[in-house]
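fold the following for me, if possible:
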Amino acid sequence: MSAGSNRLGVGLRFPPVTGQGWDWVAGVDAVDQAVRAVLLTEPGERIGRPVFGAGLRRFLFQPNSLETRAQIQKAVADALSRDEGRIRLEDVSVVADPREPTLLRIGVRYQVPPDPGPRSLVYPFYLDAGAA
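Purely as a prediction, here's the structure:
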């Protein structure tokens, strides 16, 4: 494991893969997984970290409007800035899918210093919980 991996951390792979025992992620992969965890977590779910997470569930059943998308963008940017100090957040975008009226694509662009390469994640978020 490199010094950069040690600095960035090591954690259990999530979600776990059944039948393969414990699997670990390290370095930039651990950070990528942590970014996704921020999006998937509701405040109050983590013991000892009551405000951790983007809290996206509060947007379920909201209209697919500019206002809703702006609120989601702010919630994601605020949560990542607060909860994931290993990244340099470059952009958060929330785009409506023209073919599915309840689907939003949450795009996150970031860097993991000292790695010069850009990282990105596109997270599908359904405003209608039953669509996923």
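
mind listing what residue 55 touches?
42, 43, 75, 79 (Cβ atoms under 8 Å, 6 or more residues apart in numbering). Just so you know, the C-beta spots here come from the backbone N, C-alpha and C atoms, and that holds for glycine as well.

tell me where this structure has strands.
10-12, 24-26, 88-96, 103-111, 118-126 (DSSP state E).

which residues touch residue 50?
Counting by Cβ under 8 Å, 6+ apart, residue 50 has contacts 43, 44.

measure it to residue 79 for me?
13 Å (Cβ to Cβ, to the nearest Å).

over to residue 34?
From residue 34 to residue 79 the distance is 12 Å (Cβ to Cβ).

those two: which is more packed in?
Applying other Cβ atoms under 10 Å to residue 34 and residue 79 shows that residue 79 carries more neighbours, namely 22 against 19.

surely that one and residue 46 touch.
No: using Cβ atoms under 8 Å as the test, residue 79 is too far from residue 46 to be in contact (12.0 Å).

intersection of neighbour lists for those two?
52, 53.

nearest residue to residue 36 other than its sequence neighbours?
residue 121 (6.5 Å; Cβ to Cβ, 6 or more residues apart in numbering).

burial measure for that neighbour, as a count.
13.

next: residue 22.
Residues near residue 22, counting by other Cβ under 10 Å: 8.

what of residue 92?
Using other Cβ under 10 Å: residue 92 sits among 21 other residues.

so who does it touch?
73, 76, 77, 80, 106, 107, 108, 109.

pLDDT wise, what is residue 30 at?
For residue 30, the model assigns a pLDDT of 87.

ah, wrong one, I meant residue 129
Reported pLDDT for residue 129: 69.

run the chain-centre distance for stretch 24-44.
7 Å (Cα atoms, centre = their mean, to the nearest Å).

report the buried residues of it.
25-35, 37-39, 41, 43 (16 or more other Cβ atoms under 10 Å).

could you give the angle of the longest helix seen in the chain to strand 118-126?
Longest helix in the chain by number of residues, with DSSP state H as the criterion: helix 66-83. Relative orientation of helix 66-83 versus strand 118-126 (axes from the mean of the first three to the mean of the last three Cα atoms, to 10 degrees): 130 degrees.
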